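> can you look at this prediction? I've put the sequence above it.
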Amino acid sequence: MRYLLPFLFLVALLAMLMLRGYVHSEILADHRVRPPAPTDQVPEEILGGGPVIDARDKAAPQALTIPDRKLVLTFDDGPDPVWTPKVLDTLKKYDAHAVFFVTGTMTSRHPELVERMVREGHEVGLHTFNHPDLSYQSTARIDWELSQNQLALAGAAGIHTSLFRPPYSSFSDALDNKSWPVTQYIGSRGYITAFNNTDSEDWKRPGVDAIIKQATPKGTSGSIVLMHDSGGDRSQTVAALGRFLPQMKDRGYRFTSLTEALGAPTAHTQVTGPELWKGKAFVSAVAFSENTTDVLVVGLAVIGVLVFARFGLMLVLSFAHARKVRRRGFSWGPAVTRPVSVLVPAYNERECIANTVRSLTASDHPIEVIVIDDGSTDGTADIVEAMRLPGVRVVRQPNSGKPAALNNGIRNARYDIVVMMDGDTVFEPSTVRELVQPFGDMRVGAVAGNAKVGNRDSLIGAWQHIEYVMGFNLDRRMYDLLGCMPTIPGAVGAFRRQALERVGGMSEDTLAEDTDITMALHRDGWRVVYAERARAWTEAPETVQQLWSQRYRWSYGTMQAIWKHRRAVVERGPSGRFGRVGLPLVSLFMVLAPLLAPLIDVFLMYGLVFGPTQKTIAAWLGVLAVQLVCAAYAFRLDRERMLHLISLPLQQLLYRQLMYVVLLQSWITALTGGRLRWQKLRRTGTVEAPGVIPTPRRSTEDRRPVA
């Protein structure tokens, strides 16, 4: 289910977008209009006859005229949700009937208007589905345009029609060698083609008086009058209609449907059985697609505003944080010089553990190092013991998981401040000293360090490097000032032992024990701060599979932690303050917003293929520019080289998609009640901290260490 549901979700989203593009004439649309051609192949009786062409008998096509004192008002290109109801209201007011030549795209989007047309006695004709010039189209495309138009009509009003008007048509005497064969073919399919012989030219919006003048036939002649109820602002058409109808009635004209004017049977045929249900299913699918995509667009707009607001807030608060901690004379309180305990939980870390421990022994702050071997099977504990380093102890335990290992380390720690790190991480000589200085403030219960990607020489490592500097450390500066930092990174964090004991130590309730303990400390009233100069170098996953496993656990664990501490939202005191500020921010920007963020890329791809390509590219480049500014500022704060930002556009296109799918799968795991176990990532032990003497390499690993 965790793999099937994301796939089905993406397929459904793609199908909805394609259907929306289909009924909005963005897919398969053809806007070419053929210039006039010679007319020598068109029969003279057709060119000189009436506006209605009955070519059902190919050998004897007929041109029919409208009897005197009868007017057939026709409206093209609808139905339109704004103007068609006003046209219908005006016709109803004067008890007049008309013919509406509807497109399939508009019919499927506004079926209720077509149903009203039929209910109020008007006639409906086909105007194709996508409104192409049929003289450019093959017979297969013509059949498709007709059948799809009929499908939409069946779904909207439960009828088929035998009336047709080709797009871009005018008078029957304008038929030429290119359009006449189309009219013949349409006739062979059982349709009567209705042109016009009086054009109101309302599409030009010449003014109400001009529309009335051009729509008025000469003398008492019958006529088919062309008007439009869609395709733009039709206010002049509606206003002209309100004057035209009573004027022509006063002159003795009747406004009828086309078949009534010709004395022919109705053009409508009731649809039943499978054809009716197919039409209803199509119209329902269009309605669902329209409503869903509208909601997604609104959601995307809301999320977009929030994300940009977050970018702005991050920049402002990060600047304020840097200015605060870097100003001359700043201190957290009295300098912390007493020894601290450093806990290193380790499970099968033989590739990394020597580097990790050796980096700690180079610390310029007094420490004890406790390596908690969590039932390793690769000799991790033996490696540490064989090093015989002063101040380094090994505590062995059966395999019980990282939280149990940390709690065991806390029990064995001698000092009041406990530093925690991962077994694949190395510290700089000053890391511990910088990390513990905030404990000079007795209100501080935990400190987050500055975790950095050490193996950034690969593309996937560079992408994670950008993420760590911009997405994690810039966030921590913001959350520090807001007083709601959600996570102390497992790679580099420090805790006041008293604070840990008050909240019950590291919990095994979630897969994100670092997020869980951080939220618990906030709720207990402790401050959690960020020490930017406490740098630690960690080995990031180097394959997509390893990265997937890591982020899947992080995402799912974060959701578990949020759910576990949900009651903080309604509690009072420090817990309530965190619950009403920290939990909403974390939920919105780490769980909800990223779930909708893929819509940016989906609509980007859609816009590139079917929409306004240039505007789409400009919008995406604008978003990328904002992210680049934030990333560049984050790199400047961390004094990192800007070179890695070259890969930012590619990160947005590829790496970010992987994170989206991981989060989506985490959601599905949570909603389906799935369980997720700890995963052990393969390490290479190539990461070393600047300023630490490199460790001799084993020849089995042919990799370049990154300093």
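Received, thanks.
> quick one: secondary structure of residue 349?
coil (DSSP: H, G, I helix; E, B strand; the rest coil).
> restrict stretch 169-182 to CA atoms and write it as CSV.
Taking Å, rounded to 0.1, in the frame of the first residue of the first chain, the C-alpha atoms of stretch 169-182 are listed here in CSV:
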residue,chain,number,x,y,z
SER,A,169,-18.4,29.8,-40.3
SER,A,170,-20.5,32.6,-41.7
PHE,A,171,-22.9,32.7,-44.6
SER,A,172,-23.5,29.6,-46.8
ASP,A,173,-22.3,31.6,-49.8
ALA,A,174,-18.9,31.6,-48.1
LEU,A,175,-18.5,27.9,-48.7
ASP,A,176,-15.5,27.0,-50.7
ASN,A,177,-13.6,24.0,-52.0
LYS,A,178,-12.1,23.3,-48.6
SER,A,179,-15.2,23.7,-46.4
TRP,A,180,-17.8,22.2,-48.7
PRO,A,181,-16.3,18.6,-48.5
VAL,A,182,-16.6,19.0,-44.7
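> do you know the pLDDT at residue 675?
Residue 675 is assigned 54 on the pLDDT scale.
> and for residue 224?
The model's pLDDT for residue 224 equals 97.
> give the pairing partners of the helix or strand encompassing it; include direction for each.
Counting by DSSP states H and E, the element that carries residue 224 is strand 223-228. Strand pairing for strand 223-228, determined by DSSP bridges: strand 70-76 (parallel), strand 198-199 (parallel).
> what's the closest of those strands to residue 17?
Evaluated over those, closeness to residue 17 peaks at strand 70-76, with 28.1 Å, by Cβ to Cβ. Using the backbone N, CA and C atoms, a C-beta is placed for each residue, glycine as well.
> for the record, mean pLDDT for the closest one?
97.
> where does pLDDT dip in the stretch 501-650 of the chain?
Applying pLDDT under 70 to the stretch 501-650 of the chain picks out residues 596-598, 611.
> can you give me the strands in it?
527-538 (DSSP state E, counting those that start in this stretch).
> pull the CA atoms of the strand holding residue 224 into PDB?
Taking Å, rounded to 0.1, in the frame of the first residue of the first chain, the C-alpha atoms of strand 223-228 are listed here in PDB:
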ATOM      1  CA  SER A 223     -33.500  34.900 -41.100                       C
ATOM      2  CA  ILE A 224     -31.000  33.100 -39.000                       C
ATOM      3  CA  VAL A 225     -29.300  35.700 -36.700                       C
ATOM      4  CA  LEU A 226     -25.800  35.000 -35.400                       C
ATOM      5  CA  MET A 227     -25.000  36.100 -31.900                       C
ATOM      6  CA  HIS A 228     -22.700  34.800 -29.200                       C
END
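> how far off strand 223-228 does the helix or strand following that strand point, in degrees?
For strand 223-228, the following helix or strand on the C-terminal side (DSSP H and E) is helix 235-250. Helix 235-250 runs at 160 degrees relative to strand 223-228, counting by axes from the mean of the first three to the mean of the last three Cα atoms, to 10 degrees.
> buried stuff in helix 235-250?
236, 237, 238, 239, 240, 241, 244, 245, 248 (16 or more other Cβ atoms under 10 Å).
> what does stretch 385-404 give?
Neighbour-count burial for stretch 385-404 [16+ other Cβ under 10 Å]: 385, 392, 393, 394, 395, 401, 402, 403, 404.
> what would the strands paired with strand 223-228 look like in CSV with distance to residue 350 and mean neighbour count?
Formatted as CSV, the strands paired with strand 223-228 follow (distance: least, Cβ to Cβ, whole Å; neighbours: other Cβ atoms under 10 Å):
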stretch, distance to residue 350, mean neighbour count
strand 70-76, 78, 26
strand 198-199, 86, 20
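> pull the longest helix from this structure.
helix 273-326 (DSSP state H).
> packing partners for that one?
Identification of packing neighbours for helix 273-326 by 3 or more Cβ pairs under 8 Å, 6 or more residues apart in numbering; DSSP states H and E yields helix 4-23, helix 104-109, helix 139-157, helix 474-482, strand 527-538, helix 593-596, helix 598-609, helix 613-637.
> toward the C-terminus, what is the element adjacent to it?
By DSSP H and E, the next helix or strand past helix 273-326 is strand 340-346.
> how about that next one as PDB, C-alpha atoms only?
What follows is strand 340-346, C-alpha atoms only, in PDB (Å, rounded to 0.1, in the frame of the first residue of the first chain):
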ATOM      1  CA  VAL A 340      31.100  17.100  30.100                       C
ATOM      2  CA  SER A 341      30.100  13.600  29.100                       C
ATOM      3  CA  VAL A 342      30.000  12.800  25.400                       C
ATOM      4  CA  LEU A 343      27.800   9.800  24.400                       C
ATOM      5  CA  VAL A 344      28.400   7.900  21.200                       C
ATOM      6  CA  PRO A 345      25.700   5.300  20.500                       C
ATOM      7  CA  ALA A 346      27.100   2.800  18.000                       C
END
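> so what's residue 417 up against?
Going by Cβ atoms under 8 Å, 6 or more residues apart in numbering, residue 417 touches 336, 338, 340, 341, 436, 439, 494, 495, 496, 497.
> just confirm residue 72 contacts residue 224, I think it does.
Yes - between residue 72 and residue 224 there is a contact under Cβ atoms under 8 Å: 4.6 Å.
> now do the shared contacts for those two.
Joint contacts of residue 72 and residue 224 (Cβ under 8 Å, 6+ apart) are 66, 194, 258.
> ok so, going back, what's the most distant pair in the buried residues of stretch 385-404?
385 and 403 (24.1 Å).
> mind checking the SS state of residue 373?
Per three-state DSSP, residue 373 ends up strand.
> tell me what it is bridged to.
For residue 373, the beta-bridge partners are residue 346, residue 396 (DSSP bridges).
> number of nearby residues for it?
26 (other Cβ atoms under 10 Å).
> contact partners for it?
346, 347, 380, 381, 384, 394, 395, 396, 397.
> swap in 6 Å and give it another go.
Neighbour list for residue 373: 346, 380, 381, 396 [criterion: Cβ atoms under 6 Å, 6 or more residues apart in numbering].
> just to revisit the earlier point, and the angle for the longest helix of the chain with helix 598-609?
Using the same axes, to 10 degrees: helix 273-326 against helix 598-609 is 120 degrees.
> just how off-centre is helix 273-326 within its chain?
6 Å (Cα atoms, centre = their mean, to the nearest Å).
> and the residue nearest the centre of the protein?
residue 599 (1.2 Å; Cα atoms, centre = their mean).
> so that residue makes contact with residue 300?
Yes - contact criterion Cβ atoms under 6 Å: residue 599 and residue 300 qualify, at 4.6 Å.
> what's the burial count for residue 305?
10.
> gap between it and residue 660?
As for residue 305, its distance to residue 660 is 19 Å (criterion: Cβ to Cβ, to the nearest Å).
> all helices for the stretch 51-200 of the chain, in order.
83-93, 104-109, 111-119, 139-157, 180-188 (DSSP state H, counting those that start in this stretch).
> now do the strands in the stretch 351-500 of the chain.
367-374, 392-397, 417-420, 425-427, 444-453, 493-496.
> adjacent strands (with direction) for the longest one?
Strand 444-453 pairs in its sheet with strand 493-496 (antiparallel), strand 527-538 (parallel), by DSSP bridges.
> who's in contact with that strand?
435, 438, 461, 464-465, 468, 473, 476, 488-489, 491-496, 499, 521, 526-532, 534-538, 540.
> which residues does residue 420 contact?
343, 493.
> do you know how far it is from residue 448?
11 Å.
> residue 196 too?
75 Å.
> any low-confidence regions in the chain?
If you take pLDDT under 70 as the line, the chain has these spans: 1-3, 6, 596-598, 611, 671-707.
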